[in-house]
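**Student:** Here you go, sequence then predicted model.
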Amino acid sequence: MRKKISVVAVVVAGLLSLAAAPVAAADSGGTGGTGRTGTACGSVKLSGALPAPPPGMTAQQKVTIGPDCEPRQGKVEFVPAKAGRASTAAAADSRQLRSWSEMFDCCNIRMTGLYTASTWNTEADRITDASTTVTHGWNREPWNAGWSLKSSDSTEDCTRDCAVSKVRAHAEFGYQGIFDPTGGWYANTHDSAIELRSDGTAQCTFDVDLRHTFVGWNWVRGCS
């Protein structure tokens, strides 16, 4: 009986010592969807812009944290839009546009995401009305752990009678879980700027600010 109790005590002590520091400082394994096995990197700031594609198409680009911790930017791809992400025109003077900015870990689990869905109507080279809905997504782990939304806000500078309507969305996410019990190691901040124009065109601009990263993380940004 004493031997069993001693073994349990050693195991518990070992787990507590592992929980004292973020896993990001070394190779890690598990199923939490943040670090996983790989090389830890420092903070990274990334930016990029995409044109709005033709109706029924998606403009998408992926940026990967490479083996040297430097970002590797993929080419912009125009592909058929997936169901639920296609931009449609209810009438000749009505437009819809969706955008997304998502961070994935090296096992392709989405950690954090910022999304916009815009609708605007035009007449005589003017935007008669415009509206945008902003939503967010993040990955949770068991035991009420994982990523969480810390703060968010959005603005629309003009929604009626304008040549251009500019939308800005901001979201800050924090992480506390299996890869960092302290909650002070990982943080992802997303910013999206959407420009809706009276000629029916649009542009999407994205920024992410990542506090600590891992080799193999991917930033996916898109407009549809």
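**Tutor:** Sure thing, it's come through. The model shown is predicted, which means the values in this text are computed figures rather than measured ones.
**Student:** Which neighbours in the sheet does the strand or helix carrying residue 188 have, and how are they oriented?
**Tutor:** Per DSSP states H and E, residue 188 falls inside strand 187-197. Looking at strand 187-197 with DSSP bridges, its partner strands are strand 164-176 (antiparallel), strand 202-211 (antiparallel).
**Student:** low pLDDT regions in this protein?
**Tutor:** For the chain, the stretches with pLDDT under 70 are 1-38, 83-92.
**Student:** So which residue is dead centre in this protein?
**Tutor:** residue 102 (2.5 Å; Cα atoms, centre = their mean).
**Student:** So what sits opposite it in the bridge?
**Tutor:** residue 113, residue 220.
**Student:** hang on, the earlier thing: need the CA coordinates for the strand holding residue 188. PDB is fine.
**Tutor:** Presented in PDB, the C-alpha positions along strand 187-197 are these (Å, rounded to 0.1, in the frame of the first residue of the first chain):
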ATOM      1  CA  ALA A 187      -2.400  35.900 -27.500                       C
ATOM      2  CA  ASN A 188      -3.900  36.400 -31.000                       C
ATOM      3  CA  THR A 189      -5.200  39.800 -32.100                       C
ATOM      4  CA  HIS A 190      -7.100  40.000 -35.400                       C
ATOM      5  CA  ASP A 191      -8.000  43.200 -37.300                       C
ATOM      6  CA  SER A 192     -10.000  43.300 -40.500                       C
ATOM      7  CA  ALA A 193     -10.800  46.400 -42.700                       C
ATOM      8  CA  ILE A 194     -13.400  46.100 -45.400                       C
ATOM      9  CA  GLU A 195     -14.000  48.800 -48.000                       C
ATOM     10  CA  LEU A 196     -17.300  48.700 -49.800                       C
ATOM     11  CA  ARG A 197     -17.600  50.800 -52.900                       C
END
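**Student:** Buried residues in stretch 60-70, which are they?
**Tutor:** Using 16 or more other Cβ atoms under 10 Å as the test for burial, stretch 60-70 gives 60, 61, 62, 63, 64, 65. Any C-beta I mention is one placed from the backbone N, CA and C, and that applies to glycine too.
**Student:** Using CSV, lay out those residues together with distance to residue 93.
**Tutor:** Below are those laid out as CSV (distance: Cβ to Cβ, whole Å):
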residue, distance to residue 93
60, 27
61, 29
62, 34
63, 35
64, 40
65, 43
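**Student:** Show me the helices in the chain, by range?
**Tutor:** Assigned by DSSP state H, the helices in the chain fall at 2-18.
**Student:** burial count for residue 132?
**Tutor:** 21 (other Cβ atoms under 10 Å).
**Student:** roughly how far apart are residue 118 and residue 189?
**Tutor:** Residue 118 is 21 Å from residue 189, where distance means Cβ to Cβ, to the nearest Å.
**Student:** which one of the two has more residues nearby?
**Tutor:** More crowded of residue 118 and residue 189, by other Cβ under 10 Å: residue 118, with 24 against 19.
**Student:** That one: what's it in contact with?
**Tutor:** In this structure, residue 118 makes contact with 96, 97, 98, 99, 130, 131, 132, 133, 167, 194, 196, 202, judged by Cβ atoms under 8 Å, 6 or more residues apart in numbering.
**Student:** List the residues that contact the residue nearest to residue 126 when sequence neighbours are not counted.
**Tutor:** For residue 126, ignoring the flanking residues on the chain, the nearest one in space by Cβ to Cβ, 6 or more residues apart in numbering is residue 198 at 5.4 Å. Applying Cβ under 8 Å, 6+ apart, we find residue 198 in contact with 122, 125, 126, 127, 162, 163, 164.
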